[in-house]
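Student: Could you look at this predicted model? Sequence included:
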Amino acid sequence: MLIIIYATINVIGEIVIKVDNLTKVFKNGNTLAVDNISFEIKAGEIVSLLGTSGCGKTTTLKMINRLVEPSSGDVIIGSMNHHNIDAVNWRRKIGYVIQKAGLLPHLTVHDNISLLSQILKRDKKFIKNRVSELMETINMSYEKFAHRYPVELSGGQQQRVGIARALMEDPEVMLMDEPFGALDPITRDSLHDEFLNLNLKLKKTILIVTHDINEAFKLSDKIIVMNKGQIVQMGTKDELIQSPKSKFVSEFIKSHSNA
Amino acid sequence: MHKLLILLFSLSIFAKTPITVGSKGFTESILTGEMIAVLLEEKYDQPVSRKLNLGGTKIVFDALVSGDIDVYPDYTGTGYVMILKQSQKRNSEDTFNYIYDKFKKNFGLIWSRPLGVNNTYALAVKKDNPYFEDISTVSQLAKKSEKLIFAAPHEFMERQDGYKSLTKEYNLKFDPDKIVAMQAGLMYTAINSAKVDVIVVYSTDGRIKANDLKLLEDDRSFFPPYQLALLAKETSLKRHPSLLKVFKDLDNKVTSQEMTRLNNLVDQKNVNPRVVARNFLISKTILDGEIQSDEVRDLNFIEYAIKRKRFLLRLLKEHLYLSFGSLILAVLFSVPLGILLTRYASLERLVFPVINIFQTIPSLALLGFLVPIIGIGYFPALIALFIYSLLPIVRNTYTGIKSVNQNFVEASKGIGLTNMQILSRVELPLALPVIIAAIRTAAVTVIGMATIAAFVGSGGFGDPIFRGVATVNTNLILLGAIPSALLALVVDKSLGLLEKLVVSKGITLKK
């Protein structure tokens, strides 16, 4: 399949995302949203940023995508350092999926998926083939759905299109902000499975922001638990359950997990 | 340099430059304008451009001074009282000599000898109203004036020789709540239906006879002489000797009684002013030619519109040029401005108050301001309409873009669109329905308001409306009103269709 050919073959074990002493102070009220955090994500890993609302997880993700400029600290993705590449080109190299998909209502499914490729002036025939191939991987028929508008899709379909859009330019890294947050539990569950199957083939390095501990347990290799702008613990599901580093982590797991 | 260009231009086409003849917006002025125009064309083979029906003294006089027109008819009293602001009483001859010298010296304008018509103001009442049975002078009216409703043209309320001085001179005691300033043509309708009791008229108005009114004698000689004469630029007279010949041709050739009859033919019998003017000149042997029939049968509106279809087409063309010209300008200016304002908040706080103020200037006042600056005709009207279309389009472009859901903007930014790409591919397409709605509003407003622009000689459907109101001619009013209303409807519907075509189905579809 073409997808496999385009997919970046990551060297297992190589560090792909490196966050170093990242801090964000918002000017209004001097809020310390993200307080000097550091972590690394290796190629092919799926990592969740977990925490309650206001803990700084979305700000962290937005800093990695440079929708929010850091107050201090470094972000390195692959060979890109955020000091020596402009924000627009930076973002184009990263797949970005947001809550409720963020599909543009005035564009068809085809145009939503291929918007960036159209802007980058890719060959029309290439775009069509790529869109149709991606739609196949997300289990939506091109003939049936490509010319529909977002308003004509269900929530789950919109979310799939959002993922296809992020994959269009075949990025090495995907950032996902509450990607399954607005879905009903049944749809969410089946999308989780689809997502994991998809990534078995694609092997992307993925950072997911979520407040849902079960989602984090199900999808990710590692979990970063955040509270009040700081990283409380980073580890696998088992490490978090068996050796929580603080009372916050153990209580968070107890009160939210159904594992 | 300028003159050289004009010279070269006229040589190159072997044609005389046309003389622009103006007039004010009432029948006698239009008729006299036609006399000048017909004589120039038919007797002296001189091309003429007609700017008849131009509104009030200020607009026509400013147009003459600025060179937009070459000649127009006016009254010695108007020059003496309104333009030179004199109030000292003088007889006809002294008045004429005084204004002749002052106009030549101050403005470079030359008065012709009077035509013979003395069209002064007069107070008129209904002949068959028993209340006025034994009243024949203004002094007698003063004793019974308290309960009467008094109507006068707007101009009269402000003139030196107008309302204030008149009431003082005769000790008239009208109730301030019962004084109405209104359009001259409508006064006759009002007095005929007993809505008003006393009106101020021009003494040669054809409608005095037609409406069975009697004039009250100005027994204290309050009103200055208002002798009809022609007023031209000295430079125009030098450039066009034929204009000077016309001055001589008309010298002392029309009496007040004759003018009343001619006015009546136009106002009451609906004869074309050009035909009336031409026939009169022939009957006076000033012009050679055949007298045309002035028998006019009452036409219904459809017959009337068909008869005047060429006129109608010209009006349509003028109206379209004016309204679409200003609308296109407004869109080209306002959409970028609206976009700019969404980018710079400080600019927004500065610009909106300014265009809000523009919007609140009454249209007639705005036109009044623009005439001395830009002149008459197409351009001041274009500018005025442009100014009125600004606000809705700027405002809606601004709010349309501002109200685009920030999630869409952030999503687009997040996948790597530049600010310009977000604007052109996300914000503008999403704001388009709101922007087009504003363009529709502006289009309908502009088409309606373009009728007022006829006031400064820009033509269009307002022209027959003004003429019709001034001459109490319903068909003429409808000739302007119906097509402009239809045009507004058609344009509104067409823009609605355009909206369907250009706005994405994804926005309009309901789930």
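Tutor: Okay, I see it. Numbering: from 1, shown residues only, chains lettered A, B, ... in the order given.

Student: What sits closest to residue A:141 if chain neighbours are left out?
Tutor: With sequence-adjacent residues excluded and distances taken as CB to CB, 6 or more residues apart in numbering or on different chains, residue A:141 is closest to residue A:135, at 7.1 Å. Any C-beta I mention is one placed from the backbone N, CA and C, and that applies to glycine too.

Student: quick one: contacts for the one you found?
Tutor: By CB atoms under 8 Å, 6 or more residues apart in numbering or on different chains, the contact list for residue A:135 reads A:109, A:113, A:141-142, A:145-146, A:164.

Student: what's the distance between whatever helix or strand it lives in and the middle of its chain?
Tutor: Mapping residue A:135 onto the secondary structure by DSSP states H and E places it in helix A:124-137. Its chain's C-alpha centre and that of helix A:124-137 lie 21 Å apart, by CA atoms, centre = their mean, to the nearest Å.

Student: Buried residues in that helix, which are they?
Tutor: Buried positions in helix A:124-137, judged by neighbour count with 16 or more other CB atoms under 10 Å in any protein chain shown: A:127, A:130-131, A:133-135, A:137.

Student: Hmm, residue A:68 is touching residue A:56, no?
Tutor: No. Under the criterion of CB atoms under 8 Å, residue A:68 makes no contact with residue A:56, lying 10.7 Å away.

Student: got any residues that touch both of the two?
Tutor: Common neighbours of residue A:68 and residue A:56, counting by CB under 8 Å, 6+ apart, are residue A:24.

Student: neighbour count winner among these two?
Tutor: Comparing residue A:68 with residue A:56 by other CB atoms under 10 Å in any protein chain shown, the one with more neighbours is residue A:56, at 24 against 17.

Student: mind listing what the more buried one touches?
Tutor: Applying CB under 8 Å, 6+ apart, one finds that residue A:56 lies in contact with A:24, A:33-35, A:37, A:226, A:228-230.

Student: Need the buried ones from these selected in ChimeraX.
Tutor: Applying 16+ other CB under 10 Å to those leaves a buried subset, and the ChimeraX line that selects it is:
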select /A:24,33,34,37,226,229
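
Student: Spatially central residue (nearest the centroid) of the chain, please.
Tutor: Let's take chain A. When chain A is reduced to its mean C-alpha position, the closest residue under CA atoms, centre = their mean turns out to be residue A:176, at 2.0 Å.

Student: meant chain B actually
Tutor: Among the residues of chain B, the one closest to the centroid is residue B:455, at 1.8 Å (CA atoms, centre = their mean).

Student: what about it, is that helix, strand or coil?
Tutor: In the three-state summary, residue B:455 is assigned as helix, counting by DSSP: H, G, I helix; E, B strand; the rest coil.

Student: Wait, it touches residue B:469, no?
Tutor: No. Counting by CB under 8 Å, residue B:455 does not reach residue B:469; the two are 11.5 Å apart.

Student: Out of the contacts of residue A:56, list just those in strands.
Tutor: Secondary structure assignment (DSSP state E) places A:24, A:33-35, A:37, A:226, A:230 from the contacts of residue A:56 within strands.

Student: Distance to residue B:290 for those - can I get that in JSON lines?
Tutor: JSON lines is the format used below for the ones in strands among the contacts of residue A:56 (distance: CB to CB, whole Å):
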{"residue": "A:24", "distance to residue B:290": "94"}
{"residue": "A:33", "distance to residue B:290": "95"}
{"residue": "A:34", "distance to residue B:290": "97"}
{"residue": "A:35", "distance to residue B:290": "102"}
{"residue": "A:37", "distance to residue B:290": "102"}
{"residue": "A:226", "distance to residue B:290": "102"}
{"residue": "A:230", "distance to residue B:290": "105"}
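
Student: so which of these comes closest to residue A:187?
Tutor: Taking CB to CB as the measure, residue A:226 is the one of those closest to residue A:187, at 26.7 Å.

Student: For that closest one, give its distance to residue A:213.
Tutor: Taken as CB to CB, to the nearest Å, the spacing of residue A:226 relative to residue A:213 amounts to 12 Å.

Student: Show me the common contact partners of those two, please.
Tutor: In terms of CB under 8 Å, 6+ apart, residue A:226 and residue A:213 are both contacted by the residues residue A:50.

Student: pLDDT averaged over the helix holding residue A:135, what's the number?
Tutor: Rounded to a whole number, the mean pLDDT of helix A:124-137 is 93.

Student: swap in stretch B:69-77?
Tutor: Over the span of stretch B:69-77, the pLDDT mean works out to 95.

Student: Kindly report the same for stretch B:123-131.
Tutor: If you average the pLDDT values across stretch B:123-131, you get 92.

Student: Burial check on the residue of the stretch 151-300 of chain B found nearest chain A, number of neighbours?
Tutor: Across the stretch 151-300 of chain B, the shortest distance to chain A (CB to the nearest CB) belongs to residue B:183, at 50.3 Å. When counting by other CB under 10 Å, one arrives at 14 neighbours for residue B:183.

Student: Which pLDDT value belongs to it?
Tutor: Listed pLDDT for residue B:183 reads 81.

Student: Could you do residue B:445 as well?
Tutor: In the predicted model, residue B:445 carries a pLDDT score of 92.

Student: which secondary structure element contains residue 253?
Tutor: All of this refers to chain A. Counting by DSSP H and E, the element that carries residue A:253 is helix A:247-256.

Student: That helix: which residues count as buried?
Tutor: In terms of neighbour count (16+ other CB under 10 Å), helix A:247-256 has its buried residues at A:249, A:252-253.

Student: Stretch B:157-171 now?
Tutor: By 16+ other CB under 10 Å, the buried positions in stretch B:157-171 come out as B:159, B:161-163, B:166-167, B:169-170.

Student: Any chance of these in CSV with secondary structure as columns?
Tutor: Listed next are those as CSV, based on three-state DSSP:
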residue, secondary structure
B:159, coil
B:161, coil
B:162, coil
B:163, helix
B:166, helix
B:167, helix
B:169, helix
B:170, helix
